[in-house]
Every structure is written in C-alpha cells, then in structure tokens.
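> Whatever this is, show me its structure:
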Amino acid sequence: MAESFRGRKGIIIGGGASGLMAAITAAKQGADVTVLEHTARPGKKILSTGNGKCNLTNLYMDPSCYRSDQSGFETAAIRNFPPSAATAFFRELGVLTMDRGGYIYPMSGQAQTVLDALLRGADRAGVRIITECEVRNAKRQKDRFSVETDRGIYTGDFLILACGSMAAKGTDGSGYELARQFGHRIIKPLPALVQLKCEGNLLPKASGVRTDCLVEIRTGDGKTAAKDRGELQITDYGISGIPVFQVSRYAAKLLDRKQKVSAVLNFLPDLDEEEVQDLLKEQRSCLSGETAETFLNGIFNKKLASVLLKATKIRPERQAGLLTK
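Got it, this is the predicted structure:
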C-alpha cells in the first residue's frame, strides 16, 4: 500500500477526525495531501466528543456493537482497524491513553489533546490544510479528480470524501450531494447516538439525576425495538446518556415512519417484579412511621423518588406504614 501512494497527489474534503487521520496516513505513505475544510477551525467537533474527554475507541469491538443495515460492514471495519490500531495511531502522535471500563480516553482527559496531536501530526507529515474553503463541485476526469472551490480548483490522483454528516452546527450535509455525484446511493440520514426529547412535564422535575437504568424503546403496539443499560441522565427536555444514545437510532427510525414510540425506564434492572415488591414491603416495614417522601429516598435519588411518588399520585406526607401493596 505504501508504494501505491508514493508521489501521488490527494485531496481530502473535510478536516474533521476522519479527514485528518486519512491525511496523516496517506502523507506518511508518500502522498502529497491537501485537506479542504469549509469552517475556520479543523477538527472542531472532536472537542465535544466524550463530554469533552474524547472517547477514542473501545476495547470491546464486535459487530453486535454497531447498528448498520449493511451486512458485513462492521466485521470488515473492525478487522481492518481494530482498537489496537487506533491506540497505536495516537501513540505515534504522542497521545498516551487510559482505559476506563473498556472505554479508551487520552490520559490528559481532554479532547483538545487529541485535536492538537492530529494537527501537529498533519503538519509534520506535510499536509496542507485549507480552511474556510467552500467546495462547489467535484468530478472525475479519466484518472484525475478535480475539485472546484471558492478558493480555486484543486486536482489530484485520489479524492477522499470525509465531509461528515449534519451532526452539529456548521455541518451543512453538502457531502451527501458530492457522494451522489460519484454514483453513491444515500440512505436517508436520521439522528443517531443522540438524546431523546420526551413528552410530559413530570420527568424534567428530576433533571440532573444520573442513575443506572435499563432503557427500552417500544413501538405503539408494545413490542421492544431496542434496549440498553447504563447510566441514564435525566434532563429538562427528556433523557440522555450512553444507553439512550445506543437506542436512539431505533426511536428515530420509528418516528420517521410516523409511528408512536415509548421509552420505558427500569430503575431497578437487577430485580424482577416480585423482587421489587419484596424490597418495597421490606422498606415499608423499616420505615413504617416515616412519610412516603422518605420511603423511597433510601433506594433512589431524592429528586427521582419525588417524581416516582408524583407518578403514582401518592401524597409525600402520607405515612409509609399505611401504603397499600
């Protein structure tokens, strides 16, 4: 592969994480690379990943971890670029990593470290980055590619589209049209790995609470479309956190089909219904003289306990010992 890039000119449209990694890799193999980035700051979205800490990769990689309709894609991607390759790539750029429960982060705990390393790596490899460069058109002429921009025309022996999606402010989705020009079929883009906005005004009263939860997405007829467990974050608009991100794609697809969607939250995922009944009866016995408001505080976060009481229409001042089964 190194031989095939030597002496060749390449154009990469998009200066995000994938564009910068592709540029560094190609340049190290002898290519003369130019990156065209339409914003003023390449790699800006990297700074918001992993809550600003940048989750680089995960130790556990399996096709079941991915949500793709293209059978076999996940296996090929993992085989060609396993987690060890990702950590080795960043180690060569001077980024030490740490393992937090299988999630790999830069040891600094800052996404800025990763962006700085990518930009340094690109500079050392001789990559040219043209910022605030609006791509107007791209085409192939025999064995050459030509990209027309508001900063002039760039030509190369190979072209990589790394435009990203419409996942954040400043990303306009223009890459979809460029891909179409080269004959690619575009599957309708839908939100994925996102938070979910929920109806009602009860849950937001527990805004700020983080708790272990099994999140289940159900269709209008009650069938389970997806489920995942992890730390749920309750917000003023609905729910967030890794388990929500993992199931959000299924909710988005159902909503796109105009179907009714429910998110079922299990705050005691290690217990079945009978075990929950026994736990609550034991709690009632321990706190029989206390109020209902106190009754759930030893089990759940206080704000969440208050919401659960409101949901069951139990008055906070009611005596715990008088609660019915």
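> Just give me the neighbour total for the nearest residue to V215 once chain neighbours are set aside.
Once flanking residues are discounted, V215 sits nearest to P243: 4.3 Å by C-beta to C-beta, 6 or more residues apart in numbering. Every C-beta, even on glycine, is put in place using the N, C-alpha and C of the backbone. Look at P243: counted by other C-beta atoms under 10 Å, it has 23 neighbours.
> List the contacts of P243.
Applying C-beta atoms under 8 Å, 6 or more residues apart in numbering to P243 gives the contacts 213-215, 228-232.
> go again using 6 Å as the cut-off
Contacts for P243 (C-beta atoms under 6 Å, 6 or more residues apart in numbering) come out as 215, 228-230.
> likewise K205?
V307 are the contacts of K205 under C-beta under 6 Å, 6+ apart.
> From V264, how far off is it?
19 Å (C-beta to C-beta, to the nearest Å).
> quick revisit: ramachandran angles for the residue nearest to V215?
As for P243, its main-chain torsions (degrees, to the nearest 10) stand at phi -60, psi -30.
> any idea of the pLDDT on it?
Here, the pLDDT recorded for P243 equals 95.
> out of the contacts of P243, who's nearest A40?
G230 (35.6 Å; C-beta to C-beta).
> what residues are up against that closest one?
242-243.
> partners of the helix or strand containing it, with directions?
If you go by DSSP states H and E, G230 is part of strand 224-234. Its sheet considered, strand 224-234 pairs with strand 210-219 (antiparallel), strand 238-240 (antiparallel) by DSSP bridges.
> May I see the buried residues of the longest one?
Okay, so that is strand 210-219. Judged by neighbour count (16 or more other C-beta atoms under 10 Å), strand 210-219 contains these buried residues: 213-219.
> From those residues, pick the one nearest E317.
C213 (27.9 Å).
> And the pLDDT at the nearest residue in space to that closest one that is not next to it in sequence?
Take C213 and drop its neighbours on the chain: the residue closest to it by C-beta to C-beta, 6+ apart is L232, 3.7 Å away. What the model reports as pLDDT for L232 is 96.
> mind starting the numbering at 19 from now?
Yep, numbering from 19; the last one is L250 now.
> List the residues that contact L250.
Counting by C-beta under 6 Å, 6+ apart, L250 has contacts 229, 231, 259.
> swap in T167?
Here T167 is in contact with 151-153 (C-beta under 6 Å, 6+ apart).
> repeat for Y255
Taking C-beta under 6 Å, 6+ apart, one finds K215 in contact with Y255.
> at 10 Å instead, please
213-216, 221-222, 225 (C-beta atoms under 10 Å, 6 or more residues apart in numbering).
> go on, V153?
Going by C-beta under 10 Å, 6+ apart, V153 touches 29, 31-32, 54-56, 165-169, 172, 179, 181, 192-193, 195-196.
> now do G70
G70 touches 64, 127-130, counting by C-beta under 10 Å, 6+ apart.
> ok, 7 Å please
A129 (C-beta atoms under 7 Å, 6 or more residues apart in numbering).
> ok, so what distance separates it from I30?
Using C-beta to C-beta, one obtains 26 Å as the distance from G70 to I30.
> next one: C151
Distance from C151 to I30, by C-beta to C-beta: 12 Å.
> Look at those two and report which has more neighbours.
I30 (28 against 20).
> what's the helix or strand for that one?
With DSSP H and E as the criterion, I30 is inside strand 27-31.
> The very next helix or strand once past that strand - contacts with which helices or strands?
Following strand 27-31 in sequence order, the next helix or strand is helix 35-46 (DSSP H and E). Secondary-structure packing of helix 35-46 (3 or more C-beta pairs under 7 Å, 6 or more residues apart in numbering; DSSP states H and E): strand 27-31, strand 50-54, helix 129-142.
> Next, the buried residues of the very next helix or strand once past the longest one.
Using DSSP H and E, the next helix or strand after helix 129-142 towards the C-terminus is strand 146-148. Applying a neighbour-count criterion of 16+ other C-beta under 10 Å, the buried positions in strand 146-148 are 147-148.
> Which other helices and strands does strand 146-148 contact?
Counting by 3+ C-beta pairs under 7 Å, 6+ apart, strand 146-148 packs on strand 50-54.
> Note down every partner strand of the helix or strand that the strand it packs on is followed by and its orientation.
For strand 50-54, the following helix or strand on the C-terminal side (DSSP H and E) is strand 75-76. Strand 75-76 pairs in its sheet with strand 121-124 (antiparallel), by DSSP bridges.
> May I have the partner strand exported as CSV, CA atoms only?
Taking C-alpha atoms only, strand 121-124 is exported to CSV below (Å, rounded to 0.1, in the frame of the first residue of the first chain):
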residue,chain,number,x,y,z
TYR,A,121,-13.6,3.0,27.1
ILE,A,122,-10.3,4.5,25.9
TYR,A,123,-9.6,8.1,26.6
PRO,A,124,-6.5,10.3,26.2
